[in-house]
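Asks: Got a predicted structure here, sequence first:
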Amino acid sequence: MRILAIESSCDETAAAVLDGAELRANVVVSQIDMFKAYGGVIPEVAARSHLEAILPVIDKALLDAGLKTAEGKNDWEKIDAVAVTHTPGLLGSLLIGTLTARTLAILHEKPLYAVHHLKSHIYANWIGVSEAEAPEFPLVALVVSGGHTQIIYMPNHNQFEIIGTTLDDAVGECFDKVAKILGLPYPGGPAIAKAAEKGDAEKYKLPHPQIEGLDFSFSGLKTAVLRAVQKEVGVGIDFPSHELRERLNTQQVADVAASFQKTAVEILMEKVRKAVRERGEVKSVVLAGGVSANQALREAAKELEREGVRIYVPEKQYAGDNAAMVAEAARFEIQAGVEPTDPRKLNISPRSVIY
């Protein structure tokens, strides 16, 4: 089964070809450099960029996979199915990907699989992994990104129960906003991690939100960092946050970054440990989403192995948005007998695309 997968939920245009369990091609064109100047993604600009890139990206994926005819044309006879990120994401970005996938499925008479974005992030842990090395069920997945922070329980493939979610900001969004306070570039996650390498993680004592159950809250942590920085430089709470960086030296920035990162990771792992204890029979914990590339989080998660739970993290190249993870999620849907989506009826609802 050869699957052509397409991903366009935010600011990466991606296509991949999965042949059975073998990844034959994975092409990603990122818009990050363009949006650094703005400090975040502009949805309308992202959609236009997807429109320009998507067909060349698909052509490159098919070329890399060796799926060209002798005349140099795409060999659609050797593609068995098309998969695409359906939701959640930015409305305009999703429309470009889904319309392209629908058109290709109709033109070439291929079954279409509309895949949930967060499911794809979880299945990034199966890319290039043998069946013997794959995560065991039941498992707990910690999905952490710029738009989402969730704990998901999976008793088996394609069975998902959200047992914890953020009540306000996602942890990735919190990284971005703290980075802005510190004058660090977008995206905030890598910038915070780099600055934290030279910082004292014990310098600032930041609060852990007391949220019942397995839910999260990060808006208070973001505000606590702002107040700590304002206090550090001796200004009032009405002092503009975008002017704080001018009053911070390099070491102060590093210390705040390290203290914030340590606190954010502790909050995440406290809830994961609680989820594992409450479910009892959990055999694996998997990290998923862009924030799963954070080395401090990976190291903290590995400590769970001392408690008898196996930890899985995706290769860093698959932690962010990519089409290989969409193909993997579609592969397990096909194996489970999930019916394909009618490409003529697939619609994007604005209520389902909040990122």
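Replies: Yep, that arrived. Numbering: from 1, shown residues only.

Asks: Let me see the contact set for Gln31.
Replies: Gln31 is in contact with 11-13, 41, 45-46, 49, counting by C-beta atoms under 8 Å, 6 or more residues apart in numbering. In this view, the C-beta of every residue, glycine as well, is placed from N, C-alpha and C.

Asks: Among the residues you listed, name the buried ones.
Replies: 11-13, 41, 46, 49 (16 or more other C-beta atoms under 10 Å).

Asks: closest to Val115 among these?
Replies: Closest approach between these and Val115, by C-beta to C-beta: Glu12, at 15.2 Å.

Asks: Quick one: residues contacting the closest one.
Replies: 28-31, 320-322.

Asks: Just give the number of residues close to the closest residue to Val171 other than its chain neighbours.
Replies: Of all residues not flanking Val171 in the chain, Thr149 sits nearest, at 4.7 Å (C-beta to C-beta, 6 or more residues apart in numbering). Neighbourhood size, Thr149 [other C-beta atoms under 10 Å]: 30.

Asks: so how far is Leu142 from Thr149?
Replies: From Thr149 across to Leu142, the span is 8 Å (C-beta to C-beta, to the nearest Å).

Asks: what touches both of these two?
Replies: In contact with both Thr149 and Leu142: Leu268, using C-beta under 8 Å, 6+ apart.

Asks: For the residue nearest to Val171, give me its contacts.
Replies: Applying C-beta under 8 Å, 6+ apart, we find Thr149 in contact with 143, 165-166, 170-172, 216, 218, 268.

Asks: What is the nearest of these to Ala330?
Replies: Of all those, Ala330 sits closest to Val143, with 18.1 Å by C-beta to C-beta.

Asks: just checking, Gln230 touches Leu244?
Replies: Yes: contact criterion C-beta atoms under 8 Å: Gln230 and Leu244 qualify, at 6.9 Å.

Asks: the more surrounded of the two?
Replies: Leu244 (22 against 18).

Asks: which residues sit in contact with that one?
Replies: Contacts of Leu244 by C-beta under 8 Å, 6+ apart are 181-183, 229-230, 233, 235.

Asks: Quick check: phi and psi at it.
Replies: phi -70, psi -40 (degrees, to the nearest 10).

Asks: got the contact list for Gln210?
Replies: Gln210 makes contact with no residue under the criterion C-beta under 8 Å, 6+ apart.

Asks: and it, that's in a strand?
Replies: No: according to DSSP: H, G, I helix; E, B strand; the rest coil, Gln210 belongs to no strand; its state is coil.

Asks: any idea how far it lies from Leu95?
Replies: Distance of Gln210 to Leu95, computed by C-beta to C-beta: 41 Å.

Asks: Kindly report the same for Pro111.
Replies: From Pro111 to Leu95 the distance is 21 Å (C-beta to C-beta).

Asks: thinking again about what came up before, mark which of the contacts of Thr149 are part of helices, please.
Replies: 171-172, 268 (DSSP state H).

Asks: Compute the number of surrounding residues for Tyr318.
Replies: Tyr318: 26 surrounding residues under other C-beta under 10 Å.

Asks: That one and Ala327 touch, don't they?
Replies: No: between Tyr318 and Ala327 there is no contact under C-beta under 8 Å: 11.0 Å.

Asks: just to revisit the earlier point, mind putting the contacts of Leu244 in a markdown table, secondary structure included?
Replies: Formatted as a markdown table, the contacts of Leu244 follow (three-state DSSP):
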| residue | secondary structure |
| --- | --- |
| Ile181 | helix |
| Leu182 | coil |
| Gly183 | coil |
| Val229 | helix |
| Gln230 | helix |
| Val233 | coil |
| Val235 | coil |
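
Asks: Just the buried residues out of the residues you listed, in PyMOL syntax.
Replies: Buried residues within those, by 16+ other C-beta under 10 Å, are selected in PyMOL with:
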select buried, resi 181+182+229+230
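
Asks: now, which of the contacts of Leu244 sits nearest Leu287?
Replies: For the contacts of Leu244, the closest approach to Leu287 (C-beta to C-beta) belongs to Leu182, at 24.7 Å.

Asks: How much space separates the closest one from Ile6?
Replies: 36 Å.
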